[in-house]
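Asker: the sequence isn't on hand, but the structure is:
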């Protein structure tokens, strides 16, 4: 019963959303080139199903690769900022400044530095756009560790590595996963940015671009829906990991 | 009886933006082996600094801290600590929390022996049946009991407690005093207890040290002349009441020196 409810409630919400969308298009009598309706999407999907799978896979693996890189680098930067005040003072303004740059402006820059390396550029952008929340949350999680937590192990002569492994690392996991949920959608944006802007790109972004070039509006909307679906899949993959590794932080509701 | 803890002429100051802030001034404390030493004093007089010095977590500017005839210059494995905040690790079960110190100081000890030792302590403090719960599922008093078990699971020579019962309600606190008394009877340890509660100091302490206001020095040492098997009722005897009055006067004196409120 509980699991049924868990699936039924969001499922019904999605159906209601699609119904409303269909209704608005129908009531306004919008043509396809103005706004496609949900009923236009299945034909678009079936016509290009091969492309969707191929391009979807391109987008997916590059997003995950960029995100993986963001996890590694973000965690390392966060550790440096969490453990050393000097590193924190030095890195914060740089990171905030870098994060404030609209990443779309970086696409041509990267494209010029690494000409033609589409995979690399895409992964790099997914990484650049998504490491910031991870670095900040790990940094804050580590630097706000209450001294008593450290003292219970330090008073026993435990090494810094032991204290990190036994206390600081697990204690930071909830913050880390919170940041990862933000980063996973950001990484998607980064991947698609490059895919859309690059000439002769691959991935769902490129498919969107080709739909635009050919005036195939249902295809463009179908890509948007595919992106949303991939985003949901990745997001819940992170949620599943969170349950496994930081499930203890979840308080029983009631 | 030899002194297990010797604090000789310890002076310490924190470096702050407004200049050095002296917290301890030529402090002398001697605790014989097996004794329970309660330390009371006005707020902010440097009591917590004292615990960190004994644990070897920091070094005094001047003076020496000796433990078991060895000068303390760094943390030692033979110390147990408990704080006002139980600082249990939320991602571990209660029994795994209690085992934590053994993972550091007794790395060769088989897991089964560790669990047996932890269970024995949990049973003594009345937490049997809660060993597989998470800290968030327990009440404040129960969490503090688990924290006590963790602080003595590795049989430390010295137990250092910094206001461990400060955040509990009055009745839970009295329960915990009795738990402490029973634990001490079952497995003797030397203890330094920092507290704001004079009744607590008299109920648990063999000696009560009153620190003066900041910078703290030993203002008064009271030998608690009550039997070891004290009950809460012992606190209402004329002897205990006299001691409480005396301590109260000493605290007033200590606060006065600080130039603070009455």
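Answerer: On my side now, so go ahead. All of these numbers come straight from a predicted model, not from anything done at the bench.

Asker: where does the prediction get shaky in the stretch 151-262 of chain B?
Answerer: Where the stretch 151-262 of chain B drops to pLDDT under 70, the residues are B:257-262.

Asker: ok, now with 90
Answerer: Counting by pLDDT under 90, the stretch 151-262 of chain B has low-confidence residues at B:155-157, B:163-176, B:178-189, B:196-197, B:199, B:202-206, B:211-262.

Asker: quick check: phi and psi at the residue minimising distance to the centre of chain B.
Answerer: By C-alpha atoms, centre = their mean, chain B has its centre lying nearest to residue B:161, at 2.1 Å. Main-chain torsions, residue B:161, degrees, to the nearest 10: phi -120, psi 130.

Asker: which residues are in contact with it?
Answerer: Contact analysis of residue B:161 by C-beta atoms under 8 Å, 6 or more residues apart in numbering or on different chains lists B:51, B:81-83, B:151, B:191-194. Any C-beta I mention is one placed from the backbone N, CA and C, and that applies to glycine too.

Asker: format the residues you listed as a markdown table; extra columns: distance to chain A, secondary structure and neighbour count.
Answerer: Output for the contacts of residue B:161, formatted as a markdown table (distance: C-beta to the nearest C-beta, whole Å; DSSP: H, G, I helix; E, B strand; the rest coil; neighbours: other C-beta atoms under 10 Å in any protein chain shown):
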| residue | distance to chain A | secondary structure | neighbour count |
| --- | --- | --- | --- |
| B:51 | 9 | helix | 23 |
| B:81 | 5 | strand | 29 |
| B:82 | 9 | strand | 27 |
| B:83 | 5 | strand | 25 |
| B:151 | 8 | helix | 26 |
| B:191 | 15 | strand | 27 |
| B:192 | 13 | strand | 26 |
| B:193 | 16 | strand | 25 |
| B:194 | 13 | strand | 23 |
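
Asker: give me the neighbour count for residue A:91.
Answerer: 18 (other C-beta atoms under 10 Å in any protein chain shown).

Asker: ugh, typo on my part, it should be residue B:126
Answerer: 14.

Asker: what about the helices in the stretch 51-200 of chain A?
Answerer: A:85-100, A:106-113, A:118-143, A:147-154, A:160-163, A:169-197 (DSSP state H, counting those that start in this stretch).

Asker: mind putting those into TSV with distance to chain B?
Answerer: Converted to TSV, the helices of the stretch 51-200 of chain A look like this (distance: least, C-beta to the nearest C-beta, whole Å):
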stretch	distance to chain B
helix A:85-100	15
helix A:106-113	38
helix A:118-143	13
helix A:147-154	5
helix A:160-163	7
helix A:169-197	5
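
Asker: can I get those in a markdown table including mean pLDDT?
Answerer: Formatted as a markdown table, the helices of the stretch 51-200 of chain A follow (pLDDT from 0 to 100):
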| stretch | mean pLDDT |
| --- | --- |
| helix A:85-100 | 91 |
| helix A:106-113 | 85 |
| helix A:118-143 | 92 |
| helix A:147-154 | 86 |
| helix A:160-163 | 86 |
| helix A:169-197 | 91 |
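
Asker: and residue B:187, which of those helices is closest to it?
Answerer: Distance to residue B:187, taken as C-beta to C-beta, is lowest for helix A:147-154 among the helices of the stretch 51-200 of chain A, at 19.5 Å.

Asker: what are the buried residues along the closest one?
Answerer: By neighbour count on 16 or more other C-beta atoms under 10 Å in any protein chain shown, the buried set for helix A:147-154 is A:149-154.

Asker: around chain A, pick out the residues from chain B.
Answerer: Residues of chain B lying near chain A by C-beta under 8 Å from any C-beta of the partner chain: B:52, B:55-57, B:74-77, B:79-81, B:83, B:85, B:87, B:89-91, B:100-101, B:103-105, B:134, B:136, B:150, B:154, B:160.

Asker: quickly find the element holding residue A:6.
Answerer: For residue A:6, the host element (DSSP states H and E) is helix A:2-28.

Asker: residues making contact with the next helix or strand after that helix?
Answerer: The helix or strand immediately downstream of helix A:2-28 is helix A:41-47, counting by DSSP H and E. Counting contacts by C-beta under 8 Å, 6+ apart, the residues outside helix A:41-47 that touch it are A:36, A:52, A:216, A:218-219, A:221-222, A:225-226.

Asker: do the same with stretch B:76-83
Answerer: A:148, A:151-152, A:155-157, B:51, B:54-56, B:67-68, B:101, B:104-105, B:144, B:147-148, B:150-154, B:156-164, B:189.

Asker: how close does residue B:4 get to chain A?
Answerer: From residue B:4 across to chain A, the span is 16 Å (C-beta to the nearest C-beta, to the nearest Å).
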